[in-house]
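>>> return a 3D structure for these sequence lines:
(2 chains)
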Number of protein chains: 2
Amino acid sequence: MAEKKVSDYIAAFLADQGVRHIFGIVGAGNAQTFDAITRLGFTEIICVHHEQAAVMAAIAYYRITGKVSVALLTTGGGSVNGVTGVVNAWMDSMPVVVISGNENSRFTLAENKLRIWGVQGFDSPYMVSKVTKWSERLMEPAKIVNVISKAYSIASAPRTGPVWLDIPMNVQAALVDSEKLESVVPWVPEMEANPENLPAGIMNCQNGVSAVQKMLDASHRPVLWLGHGIRLSGAADRVQQFVEALQIPTLISWQACDILDADHPFCFGRAGVYGQRAANFVLQNCDALICIGTRLAIPQVGYDMTEFARSAQIAMVDVDSDELLKHGDKIQVPILSDAGKFIDNLLKHIKEPFSRSPWLKQCEYYRQQYPIVGPEHTDMKDESGTCFMNSYRFMQKLERYFHNDQIVVTDMGTALLSGHQVLGFKTGQRMVTSTGLGEMGFGLPGAIGAAIAAGREVLCLNCDGGMMMNLQELQTVAHHNLPVKIIIFNNDGYLMIKHTQKALFEGRYSGTDKKSGVSCPDFSKLAYAFGFPSFQIRTWEEMASIMPKVQAAQGPVICEVFTHPEQPFVPKLSLVPQKDGSIISPPLEDLSPLLPRAEMKENMLIGLHQKSNSLEIGTLD
Amino acid sequence: MAEKKVSDYIAAFLADQGVRHIFGIVGAGNAQTFDAITRLGFTEIICVHHEQAAVMAAIAYYRITGKVSVALLTTGGGSVNGVTGVVNAWMDSMPVVVISGNENSRFTLAENKLRIWGVQGFDSPYMVSKVTKWSERLMEPAKIVNVISKAYSIASAPRTGPVWLDIPMNVQAALVDSEKLESVVPWVPEMEANPENLPAGIMNCQNGVSAVQKMLDASHRPVLWLGHGIRLSGAADRVQQFVEALQIPTLISWQACDILDADHPFCFGRAGVYGQRAANFVLQNCDALICIGTRLAIPQVGYDMTEFARSAQIAMVDVDSDELLKHGDKIQVPILSDAGKFIDNLLKHIKEPFSRSPWLKQCEYYRQQYPIVGPEHTDMKDESGTCFMNSYRFMQKLERYFHNDQIVVTDMGTALLSGHQVLGFKTGQRMVTSTGLGEMGFGLPGAIGAAIAAGREVLCLNCDGGMMMNLQELQTVAHHNLPVKIIIFNNDGYLMIKHTQKALFEGRYSGTDKKSGVSCPDFSKLAYAFGFPSFQIRTWEEMASIMPKVQAAQGPVICEVFTHPEQPFVPKLSLVPQKDGSIISPPLEDLSPLLPRAEMKENMLIGLHQKSNSLEIGTLD
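Sure, this is the predicted structure:
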């Protein structure tokens, strides 16, 4: 007979799971659990300065460790502040357990109609109920171990995602006899519990493997598209073997851009709306497309599915049947399966590689013909004649400074677009981004979480707008003297939105740059305030002299990189205005700046799309 | 026949309402509305750097202008970032209209089960459905004017509160013929629509006025307690007349601490858990308590309602019947009415004042005997012998530097507790705080909203922890060169939680100061980074020389005030440990540091509470 506080059971559970770090901010609502964890001494709580950063850091911590991660929030503002991170985790399938505090349980009753539950309390599980796999309030102390076990199980079961466990402060403090604890009831995910319970038209893994084999046997131009679901399923380490066994041209999604060595001969890059030209040609000309663990999001497939891989039969392997069904008949072979299980099963059945020599040569031709950084990525001058480095070229050079085990974390804007379009990752290197919610501000707390998880240096590619959204976390970096190297692309405001305003509003800017109402501070002065060395890069010569210093530094560094305030993000699938005033939305292979029509015709083995054929390129400036 | 975009109707509606400023951040999801508002040129959009700040600034803007205020958010992260402010507005009854963007309306369907609606989209109205009066997504462009009118009406009808209107980006861009617009259907609040539809046991205004008159006639020791509901109902300007007509000792709530001149002879201050001693004696000894527009929150009434004003009959005037009913039988006279309407009605019926001379003298005695700043507020030395100013004494002196029309905005911690316990406000001065959610971080964006609204200087009382939560907004201050004077009370971390940890965990700190895992930057260096002059105050001499400079500055200023890292927040209703190991929770009048029992006995006209009688004071150190 041993009585312990609920908070002590939480601390012990985290230790049992081997959780070395969690992220949070202390408050009246979670002080008990902070104390219990600190007293036990196994798990370190990394204290951030805004709860959104706690959840975002936990996300990056998971991305690096592959283990369910934890954020510990207090009641009231402390809970609601964390919700942005939760939506990120929901959209990117991140198994994060959020433990929130709340008022005394006599107030936290669903039937309590008051706007405030006691002091500062509100119904946080309800708020996140549509952006978590499971959210619940623990009202009975004796259930703690069973409930937190369940939270872990649900978070980590396919499709992984966040859960939210709300524990009123008196429940955290309640004593429970270990013999009176509710037993842990193993939680079995729906898919495991009812493997035969498939939605209409969807195949299971076994049938899917056969169907894919047939597709590949019949195909002349097969393509693999690999996504982050593979890493989520724990199969990232089998990707290279898999690709080499199949010998099929392979595309990787943005989230999975570090899953296959960018220099691997079968790796043909990243396709999409902001795709690499070669990759888009590979994708659009294939006749069999096998998508594994990638959800075929709009940024990947464009806006019109009838134009997407239009000569291909498409198979899609996913753990979420809603994702399999979202594109309707376009996915002829939808397979509900864990990505790793599918890969292992297919591997077992492969007798010989599916390599198609002419197709491989064609893909190789695309790659040679359309290097990732091309003539559209020239440096630009502003009105005063100052020349700015192009961010795509910058990324190309930046890659050379990477360590062999480099971890890169990006924010949005230039960091995201130029970074994901250009940077190639070698085996052992990692790239971490929020691709679903794509919220500004992920970069810095993401870098913190990754640095804590890996215990080593992280390169944070940020932008002026994104830095501002979690500026306070510079202090968390300073407090722990984390080796986070922050590159800030400074382009005077929100460049992506400036391009939107150019396209839609005849260039009327509003709230996108200094003149139109928004500005950023001098980041070098900020670096000084936080005690970091800082650098500024304006020219290629400065890059060559400064980047080695940035990478050689032992602690945090801020390095501002100035790019042109109007630099285009290209290549990109863009609307093309015509002389008659009409606007044409070309198919996915026809990226802007547009190529000559003859060249397009030659590249499109499946034939030039009618819309591409009728485009007047001359209307582009 | 004139076609306009939905976003143009929004811009025109704001202009029609005379809305000169709104707060937001541009993104793909609200670019159309940003453009329309900017094009029309009536309403200025103040661009902040995190959406939580947009909503918080809008809240303060309402507090100063008394007009429904607006925040304009984009989709995805931009929406969810704003939710913290929405919960603040919900709890403090702030009529803020949040307009959020979302993905194309073909994705934003409740039945869409995908984790992401298109790109970055999610169901934001659902997320805020329990923390707003109304949340909806506009799917039909022709409804825009009716729906936004409804949003305004709902927000501003009693009980005021936030609403959330989500408009998919294609709907914002949709053209609507003005003749095809859905007509505006006037929205009538429940209470107006069915004035006789009262919950059981609740009186209407008219009956309430009679009941209160009877209470007062029979009373020897009446007390008025006035709250922020009076300002919400637009009756703040009649308070002085009302009080003078009644001639009853008057208490004011924290939110209403600027509703009656602190020096008014009938104003006896603020009672509560962190109350003024005199005010608590006035409250606890009364025999008739008339509460108007104050919700009798836990920080006001303590934890045990049986001990609260235990000799009094209590009347409560509120627009929210749930608030009237929450204390059960304790409120003998619950009156469902707009505060202003009740005040005006009661005024009409008052033939002569209810002044009770002995009781007024007794209240005056309490006030003389227990000045707000007392012997418990002495300066303290740390281990090294450095002497720190006491924050309560600091507030007392600070008040002398106020302008006649001073606006003060506070954050949490020292700023909140010392500020609300000490600062007195004269007619024409304003005090703005988040009291319901009480989230750290409100101070800075609140000061921005107030400065924009008033077009004049604001004093922002902040603390190190609270500054961090919205640190990025220093740039908004800088961009607009706002006359915001920021006083930062620096006490090495989260002082309130340190006291909790002292009380509950034998002084084990975790995540509350530098040693236990959390630290703050040098705010003077930060001031330099943002281009503000900065000051540091460590002694009374420095205060005397520096405060005039702070108040005389034309633009932003940061002034750090160093207080003892362990300074107690007193007086306070505290648990009192006894020699036998038991803990006694004394009644509301018996604040710590405890007074001698004989003195308490003398002060308690209604008799010393049994628990107070049995307290061993000696166990306090």
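>>> use CA for all of it now, contacts and neighbours both
Noted.
>>> tell me who's in contact with the closest residue to residue A:304 other than its chain neighbours.
Nearest non-adjacent residue to residue A:304, counting by CA to CA, 6 or more residues apart in numbering or on different chains: residue A:587, 7.8 Å away. Applying CA atoms under 8 Å, 6 or more residues apart in numbering or on different chains, we find residue A:587 in contact with A:302, A:304, A:307-308, A:573, A:609, A:611-612.
>>> who wins for most neighbours among those?
Taking other CA atoms under 10 Å in any protein chain shown as the neighbour criterion, residue A:573 ranks highest of the contacts of residue A:587 with 23 neighbours.
>>> in helices only, show me the contacts of residue A:587.
A:611-612 (DSSP state H).
>>> pick out whichever of the contacts of residue A:587 sits closest to chain B.
Nearest to chain B among the contacts of residue A:587: residue A:302, at 11.0 Å, using CA to the nearest CA.
>>> would you map the helices across the stretch 301-450 of chain A?
Ranges of helices in the stretch 301-450 of chain A, per DSSP state H, counting those that start in this stretch, are A:321-325, A:339-349, A:357-369, A:391-398, A:413-422, A:443-454.
>>> just put the contacts of residue A:587 in CSV and tack on pLDDT and distance to residue B:168.
Output for these, formatted as CSV (pLDDT from 0 to 100; distance: CA to CA, whole Å):
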residue, pLDDT, distance to residue B:168
A:302, 95, 19
A:304, 94, 19
A:307, 97, 25
A:308, 98, 25
A:573, 97, 22
A:609, 97, 31
A:611, 96, 28
A:612, 96, 30
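>>> ok, the contacts of residue A:587 vs residue B:106, which is closest?
Nearest to residue B:106, judged by CA to CA, of the contacts of residue A:587 is residue A:304 at 13.2 Å.
>>> for the stretch 51-200 of chain A, which residues are neighbours of chain B?
A:76-78, A:80-81, A:83-84, A:87, A:90-91, A:113-116, A:118-121, A:123, A:126-131 (CA under 8 Å from any CA of the partner chain).
>>> filter those residues down to the buried ones.
Buried members of these, counted by 16 or more other CA atoms under 10 Å in any protein chain shown: A:76-78, A:80-81, A:83-84, A:87, A:90-91, A:115-116, A:118-121, A:123, A:126-131.
>>> among the residues you listed, which are located in helices?
Going by DSSP H, the helices hold A:77-78, A:80, A:83-84, A:87, A:90-91, A:126-127 from those.
>>> burial measure for the residue in the stretch 151-300 of chain A that chain B sits nearest to, as a count.
Closest to chain B within the stretch 151-300 of chain A is residue A:298: 6.7 Å, counting by CA to the nearest CA. Using other CA under 10 Å, residue A:298 has 14 neighbouring residues.
>>> contacts only, for it.
Residue A:298 touches A:273, B:118-119, counting by CA under 8 Å, 6+ apart.
>>> ok, and what's touching stretch A:263-277?
Residues contacting stretch A:263-277 (CA under 8 Å, 6+ apart): A:243-244, A:247-254, A:257, A:260-262, A:278-280, A:282-283, A:298-302, A:363, A:366-367, A:370, A:372, A:417, A:421, A:424, A:426, A:570-573, A:588-589, A:591.
>>> so residue A:258 touches residue A:430, yeah?
Yes - contact criterion CA atoms under 8 Å: residue A:258 and residue A:430 qualify, at 5.6 Å.
>>> where does chain A have low pLDDT?
A:1, A:618-621 (pLDDT under 70).
>>> ok, 80 please
Across chain A, the ranges flagged by pLDDT under 80 are A:1, A:190-193, A:195-196, A:617-621.
>>> now do residue A:263 against residue A:424, distance only.
For residue A:263, the distance to residue A:424 (CA to CA, to the nearest Å) stands at 8 Å.
>>> now residue A:207
35 Å.
>>> neighbour count winner among the two?
residue A:424 (20 against 13).
>>> how near is the more buried one to residue A:570?
17 Å.
>>> and residue A:411, by the same measure?
For residue A:411, the distance to residue A:570 (CA to CA) stands at 18 Å.
>>> between the two, which one's more packed in?
With neighbours defined as other CA under 10 Å, residue A:411 and residue A:570 compare such that residue A:411 has more, 32 against 23.
>>> which residues touch that one?
Neighbour list for residue A:411: A:433-434, A:439-444, A:460-463, A:466 [criterion: CA under 8 Å, 6+ apart].
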